[in-house]
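S.K.: Next comes the sequence, and after it the predicted model I'd like to discuss.
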Amino acid sequence: PNPVGKNFLILPSWIDLPKKFQNKNIIKIDPGMAFGSGDHPSTSLCLEMMEYESIFSKKILDIGCGSGILSIAAKKLGAGDISSIDKDYLSIKSTKDNIALNFNKQDGFQIYLGTFCETIKNFSLNGFDYIFCNLTSGVIKEIIPYIPKIINLNGKIILSGIISSQKEDII
């Protein structure tokens, strides 16, 4: 079990929930080939930031969803519609598998295989209240020009994976 932030607990599916963590918001993730087991600092930071946001009933976009951990966390926090994008087939499979571990149905999730630009164009994705992106700064930099076209006026973005020497370039 891996506690993250104030309320999350990342728990592999084969481990029983320890009693001391019963009050936590449980995210079942089976570590695999897709990025996002909750151990990486950039993933943990995203999860911690999400706890401070009002995500209930909001429309979410998870760019580079990996294991689906941020999408799952958003749903656990009460998000409405969640769109998850990744260009890697194994990540999409992992996201679907992990959503199935956490929820009886995949209602409220739209999962897309493809690049960010292709996906938002081909599926006319827009109107997001929150955008989460836990990727390298080079990929984030390519995505930034498209954010104003797909986010609501008062929408927020959480970007992670940026090392301090790249901070000014992203800003």
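M.R.: Sure, I can see it. None of these values were measured; they are calculated from a predicted model.
S.K.: Poorly predicted segments of the chain, please.
M.R.: Residues of the chain meeting the criterion pLDDT under 70: 32-37.
S.K.: residue ranges of the strands in it, please?
M.R.: With strands called from DSSP state E, the chain shows them at 2-4, 8-11, 25-28, 60-63, 82-86, 109-113, 128-134, 151-160.
S.K.: and these as CSV, adding distance to Asn98 and mean neighbour count?
M.R.: Glycine gets a C-beta too; all of them are placed from N, C-alpha and C. Formatted as CSV, these follow (distance: least, CB to CB, whole Å; neighbours: other CB atoms under 10 Å):
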stretch, distance to Asn98, mean neighbour count
strand 2-4, 14, 17
strand 8-11, 11, 23
strand 25-28, 7, 19
strand 60-63, 12, 28
strand 82-86, 10, 26
strand 109-113, 11, 19
strand 128-134, 15, 24
strand 151-160, 19, 15
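S.K.: Now that we have those strands, can you turn them into JSON lines and tack on distance to Lys96?
M.R.: Supplementary listing: these in JSON lines, determined by distance: least, CB to CB, whole Å:
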{"stretch": "strand 2-4", "distance to Lys96": "22"}
{"stretch": "strand 8-11", "distance to Lys96": "18"}
{"stretch": "strand 25-28", "distance to Lys96": "13"}
{"stretch": "strand 60-63", "distance to Lys96": "13"}
{"stretch": "strand 82-86", "distance to Lys96": "9"}
{"stretch": "strand 109-113", "distance to Lys96": "6"}
{"stretch": "strand 128-134", "distance to Lys96": "18"}
{"stretch": "strand 151-160", "distance to Lys96": "23"}
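S.K.: roughly how far apart are the residue positioned nearest the centre of the chain and Lys20?
M.R.: Nearest to the mean C-alpha position of the chain, by CA atoms, centre = their mean, lies Leu70 at 2.4 Å. To Lys20, Leu70 is 25 Å away according to CB to CB, to the nearest Å.
S.K.: With Lys121 instead?
M.R.: Counting by CB to CB, the gap from Lys121 to Lys20 is 47 Å.
S.K.: same deal with Ile158?
M.R.: For Ile158 relative to Lys20 (CB to CB), the value is 29 Å.
S.K.: Ok, Ile63 next?
M.R.: Counting by CB to CB, the gap from Ile63 to Lys20 is 34 Å.
S.K.: Cool, thanks, talk later.
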